[in-house]
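>>> model the following, please.
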Amino acid sequence: MTTSAPTPRALSFDRAAASYAAARPGYPPALFDAIEELAGRSLDGARTVDVGAGTGIATLLLHTRGAQVTAVEPGPGMAAELHRSLPFVPVVRGDGNRLPLATASVDLLTYAQSWHWTDPALSLTEAARVLRPGGALALWWNVADHSVAWIAEQDERLRRHFGTGDSAHGSAVTPGGGAGSRLPEGAFVRRRLPWGRTVPVETHLTNLASHSAFLVRGAGEEERTREFLDEERRHLAAVFPDGTVEERYVVDLGVAVVGGPDTAG
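Modelled structure (predicted):
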């Protein structure tokens with residue numbers, strides 16, 4: 001089998017694992033209700049593998065719903081942070097392009113904010129291999145809600161800062177933006193679930209700085225990052241004078257059940 005190693009950008013989160021764990025948003029209960037509905041089974045007791053688990057934000061929520069979760073994570077720093085905070089969850093080093101899992105061994109395979117780091121030609125085939133008949137593949141992203149004025153304005157400042165005309169979803173620099181929707185072709189049923197959280201401005205800025213566009217900067221670029229975050233702090237103070245930021249997201253979810261048409265592309 002041809003494999004594809006994780007990119008340096010995908011592994012850049014290792015250097016910010018603690019900040020990632022502390023500041024990244026979680027997911028609303030409605031997400032897990034939708035996964036159960038679309039997968040056609042309860043999470044309670046489901047043998048679940050969370051791929052690209054990072055520091056375990058989704059892993060913990062799946063566990064709380066009763067899933068029997070194993071985490072798969074390529075980055076040593078992220079895996080160590082996950083093990084430190086969730087010592088009761090098995091952690092396996094690996095990635096979606098070549099899953100370290102037995103064939104037909106999993107009820108639910110999840111990718112929270114991580115599918116876009118895989119090669120779909122490989123990861124779809126691997127998903128079909130490891131899922132049991134009737135098992136489900138669930139992919140989702142927290143996407144910043146650009147219908148909110150201050151978020152759209154922040155996105156524009158980020159694009160100017162990084163000198164890119166690409167959407168913020170593609171450059172993975174908006175708070176919670178990630179890759180946006182990158183559902184592969186196939187029998188995915190899609191749901192979009194709006195939600196939000198209120199956090200101190202420093203948590204919001206830490207979340208922002210934990211995105212890969214900032215983390216992959218070379219030596220000597222730290223000052224540019226600090227200057228941008230300082231300026232962003234001033235913009236946010238004008239919108240949120242009490243120091244708490246109202247972040248708004250839309251979870252973009254896609255679920256495919258093995259045995260449906262075109263599950264493996």
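
>>> where exactly do the helices run in the stretch 101-250 of the chain?
Using DSSP state H, counting those that start in this stretch, the helices of the stretch 101-250 of the chain run over 120-130, 149-162, 168-171, 201-209, 212-215, 222-239.

>>> which secondary structure elements does the longest one contact?
Other helices and strands packing on helix 222-239, by 3 or more CB pairs under 8 Å, 6 or more residues apart in numbering; DSSP states H and E, are helix 149-162, helix 201-209. Backbone N, C-alpha and C define where each C-beta goes, glycine included.

>>> the first one to helix 201-209, inter-axis angle?
Meaning helix 149-162. Interaxial angle, helix 149-162 versus helix 201-209 (axes from the mean of the first three to the mean of the last three CA atoms, to 10 degrees): 50 degrees.

>>> tell me the mean pLDDT over helix 149-162?
Averaged over helix 149-162, pLDDT sits at 92.

>>> repeat for stretch 195-203
Computed over stretch 195-203, the average pLDDT equals 96.

>>> now stretch 124-140
Mean per-residue pLDDT for stretch 124-140: 95.

>>> just the endpoints, please. Distance across that stretch?
Using CA to CA, to the nearest Å, one end of stretch 124-140 lies 15 Å from the other.

>>> list the buried residues of that stretch.
For stretch 124-140, burial by neighbour count (16 or more other CB atoms under 10 Å) applies to 124, 126-131, 135-140.

>>> can you pick out the most distant pair from those?
Farthest pair in those (CB to CB) is R129 and W140. Separation: 21.4 Å.

>>> assign the residue nearest to L193 when sequence neighbours are not counted to helix, strand or coil.
Once flanking residues are discounted, L193 sits nearest to V251: 4.3 Å by CB to CB, 6 or more residues apart in numbering. Following DSSP: H, G, I helix; E, B strand; the rest coil, the label given to V251 is strand.

>>> how about CSV for the buried residues of stretch 124-140, with distance to V69 added?
Below are those laid out as CSV (distance: CB to CB, whole Å):
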residue, distance to V69
L124, 21
E126, 18
A127, 16
A128, 20
R129, 19
V130, 14
L131, 15
G135, 14
A136, 14
L137, 15
A138, 13
L139, 16
W140, 15
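
>>> relative to R84, which of the residues you listed is nearest.
Once CB to CB is applied, the member of the buried residues of stretch 124-140 that ends up nearest R84 is W140, at 24.7 Å.

>>> which ones are touching the closest one?
Each residue near W140 by CB atoms under 8 Å, 6 or more residues apart in numbering is listed here: Y27, L31, T110, Y111, A112, Q113, V251, D252, L253, G254.

>>> for the residue nearest to the fifth one when sequence neighbours are not counted, grab the count of nearby residues.
Closest residue in space to A112, ignoring its immediate chain neighbours: A58 at 3.6 Å, by CB to CB, 6+ apart. By the measure other CB atoms under 10 Å, the count of residues near A58 is 25.
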